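Asks: sequence first, then the predicted structure, then my questions.
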Amino acid sequence: MKRLLIVLSLLGVLTTGTVFWLGLRGDPGDTTVASPLRAPAGVSPAERGRYLVQVGDCMACHTRQGGADYAGGRVIPTPFGDFYSPNLTPDPETGLGGWSADDFWKAMHEGRSRDGSLLYPAFPYTNYTKLTRDDSDAMFAYLQTLPAVKEARREHDLKFPYNYRFLLVGWRALFFRPGVYQADSSQDAAWNRGAYLVQGLGHCSACHEARNALGAVQSRDNPAGGLVLNWYAPALAAPAEAGVQDWPKQDIVRLLRDGIAPGASTLGPMAEVVYESLQHASAEDLDAMATYLKALEPTQPPPARGAVQVPAHAVEDMAKRGAAIYTEHCASCHGDAGEGALPAAPALRGNRAVIMASAVNPIRVVLFGGYAPGTAGNPRPFGMPPFGSTLSNQQVADVLTYTRSAWGNQARPVSAAEVARNRQGPLW
Amino acid sequence: MLRKSRLLTLFWVLVMGPAAALAAEDSMAQRMLACAACHGAEGRATGDGFYPRIAGKPAGYLYHQLLNFREGRRLNAQMTYLLERQGDAYLREMAEYFAGLSLPYPPPRPPQAEPARLQRGLQLVRQGDAARGIPACNDCHGEKMTGVLPDIPGLLGLPYDYLVAQFGAWRQGTRRGTAPDCMAAIAAKLNPEDIDAAAAWLAAQPMPADPHPAPGLPRPLPVSCGSVSATGVTR
């Protein structure tokens, strides 16, 4: 008995030790890997850094509305509570003023702050860890050229127990391995460049992969879509969702750069990614991302989660009422048979954004409307009117149930409860 | 033969045209239909608040408001959501489009307030209150109060609730303009009774026969306003 206790406690110590070792071990990283993004000759590190910071979309999280660029303070709502981004300008007291390039590397590569404390993965260092040291140094060089802005850090407002930072030790042991991107020699330079951008700097998986209850990206083998900022980020490898394997390359580039492409447009958080970041990416980098996205192994769409069942006998009535609402409010733009009227309104028939298993995005679009991002390639977008104050939850459910089942569309019905749930939360 | 085929074409255009090709108008009007959902032609009051009219207001004023929403100086979640990813040139085009619409104004609702309150309102609007450093509203908003081109809005055709809400927003800092923010400064000097009286009187006035903004002001502004580019003084 006593021996068993000793063995058990020894095992306990060992496990705890391993967790701490895994969660806390330092990892200087391989600093010799060359960046797959070959910089044109004659560009200074700070200039290159400016570009990298833009493609990494640091702005989206690290600038609050109406605030100074990169001075932080933006709220990032998550299921664990609200995070507030810190100040990245070189202010000595509230920003990165006293930091060295080594400190910055430790944050980007290892997810640790200058004082060694562990950082929350709301900061997508789980992607940025793939960056090379020279790219990290260039980004730091640029951030240090910004005007120093004094903006004190706002405390995160997290639910128990996530407010205990030290618990990240366990999280990191389970889910985080630092590691610079290793080129796949069986693929060409464009593919590797695209992989580096999509997996690393562009942190697409931070939104596009489902997270488990602990906020970790769920599965590497079959990346499913995930809920983010009240929207559903569809699975990047599933052709029925966001997969673009069978698109012509120039259409993929248009979607990422202009925010619209034949049969698709970007909305909500994706519109922000395009507006703040991807529209500024170089032609070469856009082409590389398209190459990589086209080559992804196609996956099946993930099953719908969180759908509220609609009793079968109710569906017919809903669709009937929905058809009348559609004729009154929608057909003038989207056409009697959902055929659309380009460029003024997209088709709803056969549109995967309408018929994917998750109904979150169509619900949000009907409630809150919206414009595609205004980019150089699409500077005067057309807008979808918000119906949140004209239609009740049941009416929105009805018209979407109709839209998702008419003209050959075959998607599950939408319930009023699901619509009600999506009226809440900040707009993004 | 020729005539027959031409007739046939005409027939197809007439019969099939509208059905086959939806009116996909590549126009500003089509682009701005999403705004009409809330603002309608004349503004609209609903259960969840009031949507002000935007048609026919001075272009510079509208443009500044669109910038203010986009940059978070004026807070309204829906407005910000719709505009936050649009460039300056498009916002300017939106402002000019709505400024160019001339639509009829509905008659004002009959005054809800007792005469003493209306009298107080009239006095504030026309004369201000020199002792407390409050200029007359007319000095900036124009003699007819239909606004002044290009940056100053009119004060007529706005309902009581909207007017009161705007003063509340200036006082709480949820509506800000380019500094010096003259309206915020004036709002800070008014007490709730002043605001109530001025709003009650303004909301009860009919539109003059010519509802267009005045081309300029007879005198320079009594206080400087950051959002007013040229004072529009007519010499």
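Replies: Arrived safely.
Asks: element containing A:L348, please.
Replies: If you go by DSSP states H and E, A:L348 is not part of any helix or strand.
Asks: what's the burial count for it?
Replies: Per other C-beta atoms under 10 Å in any protein chain shown, the neighbour tally for A:L348 reads 25. From N, CA and C alone the C-beta is placed, and that goes for glycine too.
Asks: nearest residue to it other than its sequence neighbours?
Replies: Nearest residue to A:L348, sequence neighbours excluded (C-beta to C-beta, 6 or more residues apart in numbering or on different chains): A:G338, at 4.0 Å.
Asks: what does A:G72 give?
Replies: A:N87 (4.1 Å).
Asks: and the one you found, how close does it get to B:A37?
Replies: In this view, A:N87 and B:A37 are 38 Å apart by C-beta to C-beta, to the nearest Å.
Asks: also A:R172?
Replies: Distance, A:R172 to B:A37, using C-beta to C-beta: 47 Å.
Asks: check A:Y51 too.
Replies: On the measure of C-beta to C-beta, A:Y51 and B:A37 end up 39 Å apart.
Asks: now A:S282
Replies: 38 Å.
Asks: compare those two (neighbour count), which wins?
Replies: When neighbours are counted by other C-beta under 10 Å, A:S282 and B:A37 differ, and B:A37 comes out ahead with 19 against 12.
Asks: in the sheet, who's paired with A:V75?
Replies: According to DSSP bridges, the partner residues bridging A:V75 are A:Y84.
Asks: that one reaches A:Y84, doesn't it?
Replies: Yes. Taking contacts as C-beta atoms under 8 Å, A:V75 lies within contact range of A:Y84: 5.9 Å.
Asks: next up, the contacts around A:A34.
Replies: By C-beta atoms under 8 Å, 6 or more residues apart in numbering or on different chains, A:A34 lies in contact with A:T132, A:D134.
Asks: excluding chain neighbours, what is closest to A:K106?
Replies: Closest to A:K106 by C-beta to C-beta, 6+ apart is A:R112, at 5.1 Å.
Asks: what's the spacing between the one you found and A:M289?
Replies: In this view, A:R112 and A:M289 are 29 Å apart by C-beta to C-beta.
Asks: between the two, which one's more packed in?
Replies: Neighbours per residue, other C-beta under 10 Å: of A:R112 and A:M289, the larger number sits with A:M289, 26 against 21.
Asks: look up how far A:A206 lies from that one.
Replies: Note on A:M289: its distance to A:A206, by C-beta to C-beta, is 15 Å.
Asks: and for B:G56?
Replies: Distance from B:G56 to A:A206, by C-beta to C-beta: 46 Å.
Asks: buried sites along the helix or strand hosting A:T401?
Replies: For A:T401, the host element (DSSP H and E) is helix A:393-403. For helix A:393-403, the neighbour count (16 or more other C-beta atoms under 10 Å in any protein chain shown) marks A:N393, A:Q395, A:V396, A:A397, A:D398, A:V399, A:L400, A:T401, A:Y402, A:T403 as buried.
Asks: ok, now stretch A:105-116?
Replies: For stretch A:105-116, the buried set under the neighbour-count rule, 16+ other C-beta under 10 Å, comprises A:W105, A:K106, A:A107, A:M108, A:H109, A:E110, A:G111, A:R112, A:S113.
Asks: what's in contact with it?
Replies: Residues from elsewhere that reach stretch A:105-116, judged by C-beta under 8 Å, 6+ apart: A:26-27, A:29, A:31, A:98-99, A:103, A:118-119, A:121, A:123, A:125-126, A:128-129, A:131, A:133, A:136-137, A:139-140, A:172, A:176, A:178, A:180.
Asks: which of those residues are buried, as a PyMOL select command?
Replies: Command for PyMOL that selects the buried part of the contacts of stretch A:105-116, burial taken from 16+ other C-beta under 10 Å:
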select buried, chain A and resi 29+99+103+118+119+121+123+125+126+128+129+131+133+136+137+139+140+172+176+178+180
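Asks: what segments of the stretch 251-400 of chain A are helices?
Replies: Taking DSSP state H, counting those that start in this stretch as the test, the helices found in the stretch 251-400 of chain A are A:268-276, A:283-294, A:312-329, A:331-334, A:352-355, A:360-368, A:393-403.
Asks: scratch that, chain B is what I was asking about
Replies: Ranges of helices within chain B are B:2-20, B:28-31, B:33-39, B:59-71, B:77-83, B:88-99, B:115-127, B:138-141, B:160-172, B:182-189, B:192-203, based on DSSP state H.
Asks: for the helix or strand hosting A:P77, name the packing helices and strands.
Replies: In the assignment (DSSP H and E), A:P77 maps to strand A:75-78. Under the contact definition 3 or more C-beta pairs under 8 Å, 6 or more residues apart in numbering or on different chains; DSSP states H and E, strand A:75-78 sits against strand A:81-84.
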